[in-house]
Structure formats: C-alpha cells, structure tokens
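Asks: Below are the sequence and a predicted model; questions follow.
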Amino acid sequence: MKKIVIKENDTNQRIDKYLKKLLCNAPSNFIYKMFRKKDIKINGKKVNEKYILQKDDILEMFLYDDKFNEFTKEKDIYDLKREFKVLYEDQNILIVDKPVGLLVHGDAKENVNTLSHQVLSYLKEKGELDVGRESTFTPGPVHRLDRNTSGIVIFGKTLAALQDLNEMMKKRHHIEKSYMTICKGKLTKQQELVGYVKKIDNEDRVRFVKKDDKDALMMKTIVKPIRTTNDFSLVEVKIITGRMHQIRIHLSSIDHPVIGDRKYGDFALNKQMKQQFGLNNQLLHAYKINFVDPFGSLSYLKGKIIICSKPTQFKKIEKSLFESVL
C-alpha cells in the first residue's frame, strides 16, 4: 500500500490526471485498471477517476514501493549557473530578465542549459522546490521568447498561479506585454496592425494567409514610434495576441523590418548592422509587463508594472543611431 498526502500544488485536478503525471512511466490502461479494481482510495473511501483532489487528502494505492519507483520519475534539476536577472518575485510568481542566446525551453541542440532549468535550479537552491517523487507540479513559464529575444518571462511558482496566468494569457487584456525594437525606416504615427498567419510545416517560421484559410490565426499588434530618423525608428510594440514571430513578421509586412532579423528582415541592412555593431540577431526586447486586470490567486497584482531595462548592446545601437535626434 502506497500512501500520499496531497499538497497544495497538486489540488483542484482530477485524480486520473494527477496519477498520469505521477506514474508517468505507467501505461494509461494500468492506471484505469486500478480504478476498476478499486485499488485507489481517498481518505479511506473508494473513488472513481473523476474525483477532484483537495489539499490534505490521503491517497492510498495498492502498489508496492518497487513498482512505484519504477513508474515514477525524479525531477531533472541541474546545477546551473544563473544567467537571468530577477525582476520581481513573491510566493506565487517569479518574473525574470532573459538574456539573448538563452532558450526558454530545450530543443534538439540544447536541452539542459535553458531558462526553465536555470529557474528550477534557483528555486531548489532557495529551498522552494519540492523535488520528491510524490509531487507532480513543476514551476514553469507562462509564455516564451525566442532564443535571441531578450527580456521579461513570467514563471508560475504554484499550481494556482500557473493556472491563473495561463487563463489570463488566453483571455487577453488581463496582462499587457510591451516590447522595444529598432526597425528600418521612418514610422511617423502609431499603427494598429491586424493580420492572419499560419506556421510553415517543418520550418521555424510563419507566413501570412487569408482570414478564411484553414488553421489561420489572427494576430493584432500596436506599433508606436518613440524616436525616428529618416532611416530608423525606435518603437514600442504591444501585442494583443501572442503568435509565433508576431512582431517581426508584422513589422516586415509594412516595410519596417526589425534590424538584425534573419528570417523576415532586410538582409543588406542586417549585414551593415553586423559589421557596425556585431549584431547577429533581431534587436527585440520584452521590456514591460502590466497586470491590468489580474484575477484569482494573483488579483493582488492589479496595477503592478514591471520594467526591464534594455541590454547593453541595444543601448549602444540606440545611442549611435539616434544620438543626433533631439
């Protein structure tokens, strides 16, 4: 008999979903077979797979320890050097500044030294991470930035916070995300851009499509010029939707591509920027988060604004390109 006391971060979910995460190496039919055989109890009573777990519930499974260890998995917590900066932290969330070059999640080339793993290492060091086999919750990011985009990434440290943040991101208008970039050409006024895109199969890029195209995703972007010359514009960008490469493809579509953008940009200009400043990637920085209308476990953040200063290279390029602008 295996006994587990349900903790806060494993509550408010169906027991079968919890068990699928807990017994991640067990076949699904094995888990449902345990329900059929009445081998699962909560607080001494038999339950079905739809039961919603509550804090301090006592889960009992007719499962030997060796089988439990076979079916569960220890969390991969690596001892990593911290490359991110903490911008804000409380008991529920962590907001960090991600540098250029660091992946949020792993890919085929790099699956260890990522922002997500660095954050887990940081929380473990602080004693705020439950690394036991009986815990299914892992703190994680609510959104992602491209490897070469710098700036703000929000992590949920608790299940309730992560769920509320995900819901706020889906519903929009609850959390406002703003970016800074330098684009080609002179933008003279604020613009609201609307378009439809879809991901290109087997490629890390998107393309514009018609509204009624199958799998078309609407994207909405607000672009506001801050400083301009005849050749360049420093702009603030607010994304109303969160699509892949949204800012980059939207600015490119109006002939104001982000400098350094190798997928959607001006390649001759990019070559010039590389020679002049050593810029090897899109100059795009997630600089501000505004909790406009947070709810649930994070309602106390209403009106909270987090600002993330621009990286050194961004400041250097900005100063050079706009130093003569009053």
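Replies: Alright, I've got the coordinates. Residues are numbered from 1 along each chain as shown.
Asks: ok, the most centrally placed residue in the chain - contacts?
Replies: Geometric centre of the chain, nearest residue: His143, 2.0 Å, by CA atoms, centre = their mean. Counting by CB atoms under 8 Å, 6 or more residues apart in numbering, His143 makes contact with 153-154, 169, 177, 242. The C-beta positions use only the backbone N, C-alpha and C, and glycine is treated the same way.
Asks: Show me the domain layout of the chain.
Replies: 2-71, 77-171, 172-326 (automatic domain parsing).
Asks: Any chance of these in TSV with mean pLDDT as columns?
Replies: Output for the domains of the chain, formatted as TSV (pLDDT from 0 to 100):
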stretch	mean pLDDT
domain 2-71	94
domain 77-171	93
domain 172-326	93
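Asks: For the helix or strand hosting Gln313, which helices and strands make contact with it?
Replies: Taking DSSP states H and E as the definition, Gln313 sits inside helix 312-322. When contacts are defined as 3 or more CB pairs under 8 Å, 6 or more residues apart in numbering; DSSP states H and E, helix 312-322 packs onto strand 175-184, strand 232-239, helix 267-277.
Asks: Need the single longest helix in this protein, by residues.
Replies: Longest helix in the chain, counting residues (DSSP state H): helix 159-171.
Asks: buried stuff in it?
Replies: Across helix 159-171, burial judged by 16 or more other CB atoms under 10 Å covers 159-162, 164-165, 168.
Asks: again, but for stretch 237-252
Replies: Using 16+ other CB under 10 Å as the test for burial, stretch 237-252 gives 237-240, 243-252.
Asks: Check stretch 193-204 too.
Replies: Going by 16+ other CB under 10 Å, stretch 193-204 has these buried residues: 193, 195-198.
Asks: now those residues as TSV including secondary structure and distance to Phe62?
Replies: TSV is the format used below for the buried residues of stretch 193-204 (DSSP: H, G, I helix; E, B strand; the rest coil; distance: CB to CB, whole Å):
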residue	secondary structure	distance to Phe62
Leu193	strand	58
Gly195	strand	56
Tyr196	strand	53
Val197	strand	51
Lys198	strand	48
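Asks: Go through those residues and name the one nearest Ile259.
Replies: Set against Ile259, the nearest of these by CB to CB is Leu193 (18.3 Å).
Asks: and that closest one, what are its bridge partners?
Replies: Beta bridges link Leu193 to Thr221 when assigned by DSSP bridges.
Asks: coming back round to it: how about the residue nearest to the centre of the chain, secondary structure?
Replies: coil (DSSP: H, G, I helix; E, B strand; the rest coil).
Asks: returning to what we had before: please tell me how far the helix holding Gln313 is from the chain's geometric centre.
Replies: 27 Å (CA atoms, centre = their mean, to the nearest Å).
Asks: tell me the angle that helix makes with helix 267-277.
Replies: With axes from the mean of the first three to the mean of the last three CA atoms, to 10 degrees applied, the angle from helix 312-322 to helix 267-277 works out at 110 degrees.
Asks: Inside helices: which ones of the buried residues of stretch 237-252?
Replies: Going by DSSP H, the helices hold 246-252 from the buried residues of stretch 237-252.
Asks: ok, these vs Ala108, which is closest?
Replies: Arg248 (22.2 Å).
Asks: correct me, but that closest one touches Arg262?
Replies: No - judged on CB atoms under 8 Å, Arg248 makes no contact with Arg262 at a distance of 9.8 Å.
Asks: and for the two, which residues touch both?
Replies: Common neighbours of Arg248 and Arg262 (criterion: CB under 8 Å, 6+ apart): Gln282.
Asks: any idea how far Ser309 is from the residue nearest to the centre of the chain?
Replies: Separation of His143 from Ser309 (CB to CB, to the nearest Å): 20 Å.
Asks: Repeat that for Lys73.
Replies: Relative to Ser309, and taking CB to CB, Lys73 is found at 39 Å.
Asks: cool, and Gly242?
Replies: Applying CB to CB, the value for Gly242 to Ser309 is 23 Å.
Asks: likewise Val237?
Replies: Taking CB to CB, one finds Val237 at 17 Å from Ser309.
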